[in-house]
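Okay, here's the prediction I keep looking at, along with the sequence it came from:
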Amino acid sequence: MKKTIFQITTALAFLAAAGVANAADCKVTVGLVMELTGPAGEYGQAGAKSVEMAFRDINAAGGVHGCDLVTDTRDSQSQGNVAVDAATQLVQVKKVPAVIGGIISSVTIPILTSVTAPAKVVQVSPAASSPTLTALGRDGKTNGIFFRTITSDSLQGIAAAKYAIDKGFKKLAIIHVNSDFGVNMVAEFSKAYKALGGTIISTTPYNEKQSSYASEVTAGMAGSPDGLYLVSTPVDGATIARTWISQGGPQKFLLNDGMNSPDFIDSVGADYLKDAYGTSSGTTPTPSTDYFNKNYKTFSGIEPTNPAADRAYDAGAIVGLALAIAGDDTSKLKDDIYKVVDPKGMPIYAGKEEFAKALGLIKEGKPIRYEGVIGPVSFDQYGDITGPFRLWKITDGKVTTDGELKIEDVSALKEKIK
């Protein structure tokens with residue numbers, strides 16, 4: 001009798017242990033295509049860590065129906081063709097329910113048009129800001145599956161133009177990356193800058209990863225501009241800025257959002273960037289902002305001010321919570337994305353305790369409204385968000401906030417300069 005009881009007890013213990021093991025093995029995999037190397041590598045590394053942190057927080061809160069969220073992360077190498085191959089593997093072979101990425105528009109757009117839109121798999125980009133993405137949605141070419149947690153460059157270009165005029169840039173040379181992002185950003189900026197009274201001396205495109213940018217700098221300096229508007233990424237941008245300085249260009253710079261980078265500043269030298277200004281998609285602080293700023297560096301080893309970091313956390317949180325709403329049926333995940341930010345829902349913020357609250361409400365069938373690190377998020381029918389723009393400058397080798405331009409002011413200016 002004792003032997004039989006012992007055998008039954010042992011068997012039950014084994015089954016219980018197996019159950020725990022199976023629970024631990026229960027995973028929901030989300031695809032990440034990030035620019036871990038190449039000109040945008042700094043952004044992608046920060047973005048990948050942010051998504052991992054969001055998933056860690058959701059898993060600590062209970063996970064998606066008891067399963068852990070995990071990432072299958074692929075390096076796009078900052079190249080569109082590499083990104084398409086990676087996304088194809090994730091969507092067609094791994095059968096992921098969603099893809100987060102890319103970071104830059106020249107990676108994000110080919111993933112969307114070649115892989116996720118045809119397959120009707122949700123794609124969320126933390127930082128691709130090209131107006132082309134809105135146009136694709138408007139033209140019905142995205143199947144409604146694309147979302148981004150950054151404002152479009154159609155508005156950022158206007159904000160940058162206003163800031164340039166306010167900071168005394170009267171005659172600018174422009175050097176920009178020859179990509180969808182760079183071309184569109186400069187087009188929107190130029191129209192607004194000229195309408196506000198500025199003069200563009202020259203506009204010079206460049207191709208990424210050149211060994212030298214001396215010819216582009218020489219072309220940009222023709223006409224004696226009083227400053228340089230540099231639309232670039234940290235690695236190439238630093239090389240261009242150093243060349244500009246060494247050739248005697250005025251040490252007054254206007255920079256795009258991606259140049260908000262410690263690596264860029266260190267590479268160029270803080271002494272040469274005392275008159276450098278920039279714009280970025282801004283934030284409306286929430287408790288999520290405070291949580292992220294206090295915890296991100298400990299988790300990742302990266303500063304929370306990295307351009308892609310805050311909004312990549314929100315991308316991960318939104319995808320994770322949408323998967324919790326979707327349950328076993330992810331065929332309508334694009335609709336569940338909107339449910340995560342339901343304006344009638346209970347406010348939910350970042351972190352384990354808040355996500356536990358969210359998962360409880362989801363289980364009860366009640367609406368939630370995630371208010372993220374970048375602020376309350378609301379997507380329009382094309383997956384775009386609106387928000388303020390941060391005005392920043394480089395002070396003593398650090399990026400510091402110089403002000404904010406509200407979205408209402410940018411929209412009003414856009415109407416005025418049409």
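All right, it came through fine.

gap between stretch 210-226 and the chain center?
Averaging C-alpha positions (CA atoms, centre = their mean, to the nearest Å) puts stretch 210-226 30 Å from its chain's average.

I misspoke; the intended subject was stretch 237-244.
For stretch 237-244, the gap between its own C-alpha mean and the chain's C-alpha mean amounts to 24 Å (CA atoms, centre = their mean).

Which residues outside that stretch are in contact with it?
For stretch 237-244, contacts defined as CB atoms under 8 Å, 6 or more residues apart in numbering pick out 175, 206, 212-214, 216-217, 220-221, 228, 230, 232, 253, 255, 258-259, 263-264, 267-268, 272-273. For the C-beta atoms, the positions are set from N, CA and C on the backbone; glycine is no exception.

Sort out for me which of those residues are in helices.
Secondary structure defined by DSSP state H assigns 214, 216-217, 220-221, 263-264, 267-268 of the contacts of stretch 237-244 to helices.

Quick check: of the residues you listed, which lies closest to residue 80?
Taking CB to CB as the measure, residue 80 lies nearest residue 216 of the ones in helices among the contacts of stretch 237-244, at 22.0 Å.

OK, contacts around the closest one?
Counting by CB under 8 Å, 6+ apart, residue 216 has contacts 175, 204-206, 240.

As CSV, those residues with neighbour count and pLDDT would be great.
CSV is the format used below for those (neighbours: other CB atoms under 10 Å; pLDDT from 0 to 100):
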residue, neighbour count, pLDDT
175, 28, 98
204, 19, 97
205, 16, 97
206, 23, 97
240, 27, 97
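
what two of these have the greatest distance between them?
The span of the contacts of residue 216, defined through CB to CB, is set by 205 and 240 at 11.8 Å.

intersection of neighbour lists for those two?
175, 216.

Can you list the buried residues in stretch 385-398?
385-394 (16 or more other CB atoms under 10 Å).

Distance to residue 191 for the residues you listed - can I get that in CSV?
Compiled in CSV, these are given as follows (distance: CB to CB, whole Å):
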residue, distance to residue 191
385, 22
386, 20
387, 21
388, 21
389, 17
390, 22
391, 20
392, 23
393, 24
394, 27
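
Take the residues you listed and keep only those in strands.
389-394 (DSSP state E).

In three-state terms, label residue 403 for me.
strand (DSSP: H, G, I helix; E, B strand; the rest coil).

can you count the residues close to it?
Residues near residue 403, counting by other CB atoms under 10 Å, number 12.

Identify the residues contacting the host helix or strand of residue 133?
Using DSSP states H and E, residue 133 falls within helix 131-138. Helix 131-138 is contacted by residues 105, 108-109, 112-113, 117, 125, 142, 144, 146, 148, 152-154, 180, 184, 188, 381-384 when judged by CB under 8 Å, 6+ apart.

Contacts only, for residue 343.
369, 378.

Let me see the backbone angles for the closest residue to residue 98 other than its chain neighbours.
Among residues not flanking residue 98 along the chain, residue 122 sits closest, at 4.3 Å (CB to CB, 6 or more residues apart in numbering). Dihedral angles of residue 122 (phi, psi; degrees, to the nearest 10) stand at phi -60, psi 140.

is it true that residue 122 touches residue 97?
Yes. Between residue 122 and residue 97 there is a contact under CB atoms under 8 Å: 7.1 Å.

any residues in contact with both of these two?
Common contact partners of residue 122 and residue 97 (CB under 8 Å, 6+ apart): residue 333.

Of the two, which one has the most company?
residue 122 (29 against 19).

can you tell me which helix or strand residue 156 belongs to?
Element membership of residue 156, judged by DSSP H and E, is helix 153-166.

Other residues contacting that helix?
So helix 153-166 is contacted by 129-131, 134, 172, 181, 184-193, 195-198, 229, 254, 256-257, 277-281, 386, 389, 391, 405, 407, 410-411, 413-414, 417 (CB under 8 Å, 6+ apart).

And for stretch 246-254?
160, 163-164, 167, 169, 172-173, 214, 217-218, 220-221, 225-230, 241, 245, 272-278.

C-alpha coordinates for that stretch, PDB please?
Once non-C-alpha atoms are left out, stretch 246-254 reads as follows in PDB (Å, rounded to 0.1, in the frame of the first residue of the first chain):
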ATOM      1  CA  SER A 246      37.900  71.000 -41.500                       C
ATOM      2  CA  GLN A 247      37.000  72.700 -44.800                       C
ATOM      3  CA  GLY A 248      36.100  75.900 -42.900                       C
ATOM      4  CA  GLY A 249      32.300  75.700 -43.000                       C
ATOM      5  CA  PRO A 250      30.400  77.700 -40.400                       C
ATOM      6  CA  GLN A 251      30.000  75.800 -37.100                       C
ATOM      7  CA  LYS A 252      26.300  76.300 -37.000                       C
ATOM      8  CA  PHE A 253      24.200  73.200 -37.500                       C
ATOM      9  CA  LEU A 254      20.600  72.300 -37.800                       C
END
